[in-house]
Each structure stands twice: as structure tokens, then as C-alpha cells.
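> need coordinates for the following:
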Amino acid sequence: MSSSAQDFKGQVVIVTGSSSGIGQACAVHFGSLGAHVVVNYHSSEDEANETLQQIIAKGGDGIVVQADVSKEEDVLFLFEQTISKFGRLDVLVSNAGLQVDAPFLDMSLKQWQKVIDVNLTGQFICTREAARQFVKQAQSNPKETATQSIGKIVMMSSVHDIIPWAGHVNYASSKGGIMMLMRSISQELAPYKIRINSVSPGAIRTTINKAVWSDEAKMEELMHLIPYRRIGTPEDVAKAVAWLASDDSDYVNGETLYIDGGMTLYPEFADNG
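Down below sits the predicted model:
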């Protein structure tokens, strides 16, 4: 990256849920920009180690830490390992999330709670701990500039924070909650010079939706929902996340950046409805 403002050399970045998909792309991209990356995973250590190898191949370095973001003790361990290894934290990408789909009439409390616990409560715990660490660092080093952020958080949301999604009410509710969580803590923490934003991807080519993009007929149907007429890549999201975490976006706070090829533009109305 030619822009010095997007040179993360020496910065420490945690990416939750970075063993695959969008999280993996974010971790690898930060590594390519010189960051020390903490690769967090829930269940697949092999995939997490593969992410780390890609980071190293791109010129970065990092560590792998297992943690379930829905469990406070696991998140505390994640941050303890990060500070023990690198001594500080500069960026949190709060990405970990999942889907447990069911029709609303059939959805169990367990299915509802699992998604809320990981997608929303997990973001609360992770962002709280990151903010606490940023404040602690600033208090211990008051010479750090007060004109730019003392820490950056990027929260992973979805176009379904504003697009209703029948059959996925737990997921859509969790993402809608992320939007207001992000905006509220941005308002509260801005005086500390902590910047918090979110990204809301649309259809992205990951394994979770391979059944769609690997099927020609389903892919053609999907294109009707995307005015830009292509599916996104994890790298599309990763580049936007890095920009939001960089000094290039220092005056951007409390915003949601939609990375969706226009999916939120109500394409059904392109021909007057």
C-alpha cells in the first residue's frame, strides 16, 4: 500500500473469527500492511494456522489464539495473550459471527440465543475490552498525540442490519443490534479519541454461501439483487476495514460502510417497481 497512512507496520491488530472467510481476508490484508496480527479462532486450529502462514507470506507476523467470543473468560484470555506477546493493541476487528437459520415459527430459544450470544454479545465483550485497553495505554503514555485516535475498532455487521431477512430473524436482529451498539459506544468513547465504525457486507463469495455462487442459476438470480452485477470478495471487505482502521479515515466515526454492490439500493424499484 503506497499510502503511509495505511502502513500498519508495528501496529497490533486482533481479528476475531479469522480462521476463514472475511475474517481471514482481513487478517491477511493487515499482515500485508506490516501489522502484528492476532488470529482468533473458535474451533479450527488448522485453518487459523493457515491464516497465520498467509500473513507471514505477505510480510507480516502474528499469533494464533483460540477463544469463544461469547464467553467473557475466553475474550479476557484473548486480550491477555495479545498484550503478553506484543505489549499493546492498536486495532480490533470484531468480526466473529455465525448463522443458525430456521423459520420464525419453528425457531427455538436455543437457536435464537446462540446467534445473539456470538454475534451481538460477543461484539459487546470484545469492543469493551479493546476500549479498556486503549484507555489504559493512553493513560500510561500521555505523550501520545491527542489529535488522532488512540485506538480503532471496526465491527462486522451486514446489509441485514437494515434489510429484513425472513427465515433468519436471529441473524438480522443481531446485526441490527450491532448498528446501534456501534453508534452508541462511538458517541460515548469519541471524547477518548477512540474511533468505532462498522462495515456491512452484502453477498460475499465465502464458503457459507457457496451453494449460491457455485450454482449458475442461483447466481443469476442473485445478480438481480446486486445492481453492480457481481458478487463481492472477502478482499473487498478487508480493504475497506483497513481504511477505516487507518489514519486516512481519522475523522470518520460512528459510521456504517456498506460493501454490497448496491444491494441496499432497492434494486426491485429500478424499473419503477
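> and what about residue 68, helix, strand or coil?
coil (DSSP: H, G, I helix; E, B strand; the rest coil).
> so what pLDDT did it get?
Residue 68 is assigned 98 on the pLDDT scale.
> residues touching the spatially closest residue to it that is not a sequence neighbour, list them.
Excluding the flanking residues, the one nearest residue 68 by CB to CB, 6 or more residues apart in numbering is residue 74, at 4.6 Å. All C-beta spots, glycine's among them, are computed from the backbone N, C-alpha and C. Counting by CB atoms under 8 Å, 6 or more residues apart in numbering, residue 74 touches 66-68.
> over to residue 167?
101-104.
> same check on residue 40?
14-19, 23, 48, 64-67, 69, 78, 96.
> of those residues - the most surrounded one?
Ranked by neighbour count (other CB atoms under 10 Å), these have residue 15 at the top, with 34 neighbours.
> can I assume that one is in contact with residue 89?
No. The criterion here is CB atoms under 8 Å, and residue 15 misses it with residue 89 at 11.8 Å.
> in the stretch 1-150 of the chain, which spans are strands?
Remark: strands assigned in the stretch 1-150 of the chain by DSSP state E, counting those that start in this stretch are 12-15, 36-41, 61-66, 91-94.
> which residues touch the third one?
It stands for strand 61-66. Contacts of strand 61-66 (CB under 8 Å, 6+ apart): 27, 31, 35-42, 45, 48-49, 51-52, 55-56, 74, 77-78, 81-82, 85.
> the first one now?
Taking CB under 8 Å, 6+ apart as the criterion, the residues outside strand 12-15 that touch it are 23, 26-27, 30, 35-40, 78-79, 82, 86-93, 95, 126, 130, 245.
> any chance of the contacts of residue 74 in a markdown table, with distance to residue 196 too?
Below are these laid out as a markdown table (distance: CB to CB, whole Å):
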| residue | distance to residue 196 |
| --- | --- |
| 66 | 25 |
| 67 | 21 |
| 68 | 23 |
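> out of these, which comes closest to residue 190?
Among those, residue 67 lies closest to residue 190 (CB to CB), at 27.7 Å.
> hang on, the closest one packs against residue 75?
Yes. Between residue 67 and residue 75 there is a contact under CB under 8 Å: 6.1 Å.
> can you give me the buried ones in the helix or strand bottoming out on mean pLDDT in the chain?
Sorting the helices and strands of the chain by mean pLDDT, DSSP states H and E puts helix 210-213 at the bottom, at a mean of 78. When burial is assessed from 16 or more other CB atoms under 10 Å, helix 210-213 yields no buried residues.
> can you check stretch 259-269 too?
259-261, 263, 267.
> before we move on, what about stretch 221-238?
By 16+ other CB under 10 Å, the buried positions in stretch 221-238 come out as 222-223, 225-226, 231-232, 234, 236-238.
> cross-reference those with the helices and report the matches.
222-223, 234, 236-238 (DSSP state H).
> now these as CSV including pLDDT?
As requested, those are arranged in CSV below (pLDDT from 0 to 100):
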residue, pLDDT
222, 91
223, 92
234, 97
236, 97
237, 98
238, 98
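> farthest-apart pair in those, please.
Farthest pair in these, by CB to CB: 223 and 238, 22.9 Å.
> got the contact list for stretch 126-137?
Contacts of stretch 126-137 (CB under 8 Å, 6+ apart): 14, 16, 69, 75-76, 78-79, 83, 88-89, 92, 94, 96, 144, 150-151, 153, 155, 181, 185, 189, 192, 194, 196.
> ah, wrong one, I meant stretch 47-56
With CB under 8 Å, 6+ apart, stretch 47-56 has contacts from 18-20, 24, 27-28, 30-32, 37, 39-41, 61-64, 66.
> please check these and keep the buried ones.
Buried among the contacts of stretch 47-56 by 16+ other CB under 10 Å: 18-20, 24, 27-28, 30-32, 37, 39-41, 62-64, 66.
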